[in-house]
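Visitor: Sequence unavailable; structure follows:
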């Protein structure tokens, strides 16, 4: 007996099934990604609320509170078991950006457990150690002091030994993110889009929508 091959109808059915499976996988990934981006927006909003609530309650920005030890005695107000977690009270966070996360944690305004270690500006962010991770894979948040005296949250992917300067979202995602939370323009308003160490996100002062890779990092101004 000869082996009977597939008929054209059977092959068509198989191709349709394969297309449906592939389409379902792609749609599923898109839905997951959209959910992650939505979670990031919620995270940023919650961190902004935490910062403002802390300032209202303690009259200092988190990280800068000079008498933190009065609120959280030993052993809570220590980092690495030796250094007190007091800020210097100078109304700036130049050298206290990691301390801020510790103060917010001790005040029970953010989840996590942060060391509060004073780290030089390019010594890096250790996710879930001295700064929080984000809903996006390998992503996290770092506090960046602004020359105007305010601060912003930097959302990017972890780069060992550096700020979170790895690309975390695509230019199109960054533009949509900017549009939802601000004005949709990369270099104005509260949301600032920037190119990462991974590649170009901004070209000619606008989001380069021809790029499909995760080349963007985002800064969100809190105050």
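Guide: Noted; the coordinates are in hand. Note that this is a predicted model, so its numbers are computed, not measured.

Visitor: Return the distance of the residue nearest to residue 99 when sequence neighbours are not counted relative to residue 86.
Guide: Leaving aside its sequence neighbours, residue 99 sits nearest to residue 63 (CB to CB, 6 or more residues apart in numbering; 4.0 Å). C-beta: built from backbone N, CA, C; applies to glycine. To residue 86, residue 63 is 10 Å away according to CB to CB, to the nearest Å.

Visitor: Settle it for me: which of these two has more neighbours?
Guide: Neighbour tally, residue 63 and residue 86, criterion other CB atoms under 10 Å: the higher count belongs to residue 63, 28 against 17.

Visitor: List the residues that contact residue 104.
Guide: 50, 51, 54, 62, 110 (CB atoms under 8 Å, 6 or more residues apart in numbering).

Visitor: Which secondary structure element is home to the first one?
Guide: Element membership for residue 50, per DSSP states H and E: helix 8-58.

Visitor: Tell me the helix or strand right after that helix.
Guide: Moving toward the C-terminus from helix 8-58, the next helix or strand (DSSP H and E) is helix 68-71.

Visitor: which other helices and strands contact that following helix?
Guide: Helix 68-71 sits against helix 97-106, with contacts defined as 3 or more CB pairs under 8 Å, 6 or more residues apart in numbering; DSSP states H and E.

Visitor: got the contact list for the following helix or strand past the helix it packs on?
Guide: Once helix 97-106 ends, the next helix or strand along the chain (criterion: DSSP H and E) is strand 139-145. Contact partners of strand 139-145, identified using CB under 8 Å, 6+ apart, comprise 40, 43-44, 47, 63, 92-94, 97-98, 100-101, 125, 127-128, 131-134, 151-158, 163-164, 168, 219.

Visitor: Also stretch 192-208?
Guide: For stretch 192-208, contacts defined as CB under 8 Å, 6+ apart pick out 152, 156-157, 159, 162, 165-168, 171-172, 174-175, 178, 185-187, 211, 213-221.

Visitor: Restricted to helices, list these.
Guide: Using DSSP state H to define helices, the subset of the contacts of stretch 192-208 located there is 171, 172, 174, 175, 178.

Visitor: filter these to the buried ones?
Guide: Applying 16 or more other CB atoms under 10 Å to these, the neighbour count classes 171, 174, 175, 178 as buried.

Visitor: Chain neighbours aside, what residue packs nearest to the second one?
Guide: Distances taken as CB to CB, 6+ apart put residue 216 closest to residue 174, at 4.0 Å, once the chain neighbours are dropped.

Visitor: contacting residues for the one you found?
Guide: 167-171, 173-174, 193-196, 201-202, 207.

Visitor: still on that earlier bit, show the buried residues in the contacts of stretch 192-208.
Guide: 152, 156-157, 159, 165-168, 171, 174-175, 178, 185-186, 211, 214-221.

Visitor: residues near residue 35, how many?
Guide: Neighbour count of residue 35, defined by other CB under 10 Å: 11.

Visitor: Would you mind measuring from it to residue 105?
Guide: Residue 35 sits at a distance of 26 Å from residue 105 (criterion: CB to CB).

Visitor: Apart from its neighbours in sequence, what residue is nearest the residue nearest in space to the middle of the chain?
Guide: Residue closest to the average C-alpha location in the chain (CA atoms, centre = their mean): residue 155, at 3.2 Å. Nearest residue to residue 155, sequence neighbours excluded (CB to CB, 6+ apart): residue 218, at 4.6 Å.

Visitor: Quick check: bridge partners of that neighbour?
Guide: residue 155, residue 193 (DSSP bridges).

Visitor: I am finished for the moment; much appreciated.
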